[in-house]
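**Student:** Please work out how this folds:
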Amino acid sequence: MKSFRKLQKEAKKKQQKRKKQYIKFAPYSTRIKAFVTDLFMIYTPILYFMTYIVMGNKEKFVHSDFAPLVAVLLYGVIYALFLAKAGQTPGKKAYGIKVVDEKTKQNISFFRAFLRFVAFLFGATILIGLILPFYNREKKALHDIIAKTVEVEVEE
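**Tutor:** Reported below is the predicted structural model:
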């Protein structure tokens with residue numbers, strides 16, 4: 001006869017297996033829509049602020065080497081804060097997507113989210129990072145592989 005403790009452990013394992021089966025990976029097209037939404041909701045106001053309030057006009061911003069870098073880094077910090085706090089940016093929330101750890105399915109830390117952002121910049125630059133989701137079951141891009149994250153659909 002099994003002890004109560006063993007029965008509890010078995011029940012917990014079965015529950016975890018069931019949980020794993022219900023994870024639905026976010027489609028790549030939805031991820032792209034969420035990214036574009038984030039660009040308009042987060043990055044565009046940052047660019048406007050940097051161009052007209054910090055730099056004074058468009059010509060100074062365009063000819064500056066420092067201002068675009070600051071704008072991208074500020075976007076990366078805000079992006080990482082959203083992911084660390086809620087696992088979602090406004091665009092991801094609008095499309096029902098959440099970024100989680102690939103093993104624990106919990107939110108990731110700020111530093112890991114920022115690493116994911118930097119890896120995204122690298123992967124988008126060499127383009128291979130954006131092609132990878134078409135060739136794996138979990139639809140993971142290069143930045144997801146590096147940061148050990150996965151984008152899943154949120155149950156509503």
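
**Student:** Test my guess that Lys98 contacts Glu151.
**Tutor:** Yes - at 7.1 Å, Lys98 and Glu151 qualify as touching, with contact defined as C-beta atoms under 8 Å. In this view, the C-beta of every residue, glycine as well, is placed from N, C-alpha and C.

**Student:** okay, and the common contacts of these two?
**Tutor:** Taking C-beta atoms under 8 Å, 6 or more residues apart in numbering as the criterion, Lys98 and Glu151 both touch Lys92.

**Student:** Show me which of these two is the more surrounded one.
**Tutor:** Using other C-beta atoms under 10 Å as the criterion, Lys98 and Glu151 rank with Glu151 on top: 24 against 20.

**Student:** Now do the helices in the protein.
**Tutor:** Remark: helices assigned in the chain by DSSP state H are 4-21, 28-38, 44-48, 58-63, 66-86, 90-94, 110-126, 128-131, 142-147.

**Student:** burial measure for the closest residue to Gly76 other than its chain neighbours, as a count.
**Tutor:** Once flanking residues are discounted, Gly76 sits nearest to Phe117: 4.3 Å by C-beta to C-beta, 6 or more residues apart in numbering. Using other C-beta under 10 Å, Phe117 has 21 other residues around it.

**Student:** Relative to Glu155, how far out is Phe117?
**Tutor:** Using C-beta to C-beta, to the nearest Å, we find Phe117 at a distance of 26 Å from Glu155.

**Student:** Need the per-residue pLDDT for the residue nearest the centre of the chain.
**Tutor:** Closest to where the C-alpha atoms of the chain average out (C-alpha atoms, centre = their mean) is Val99, at 5.0 Å. The per-residue pLDDT reported for Val99 equals 95.

**Student:** now swap in the one 3 residues further on and tell me
**Tutor:** You'll see Glu102 listed with a pLDDT of 91.

**Student:** and what of Lys139?
**Tutor:** So, for Lys139, pLDDT stands at 82.

**Student:** now swap in Tyr22 and tell me
**Tutor:** 65.

**Student:** go on, Pro27?
**Tutor:** At Pro27, pLDDT is 89.

**Student:** any idea how far Pro90 is from it?
**Tutor:** On the measure of C-beta to C-beta, Pro27 and Pro90 end up 19 Å apart.

**Student:** swap in Glu153?
**Tutor:** In this structure, Glu153 and Pro90 are 17 Å apart, going by C-beta to C-beta.
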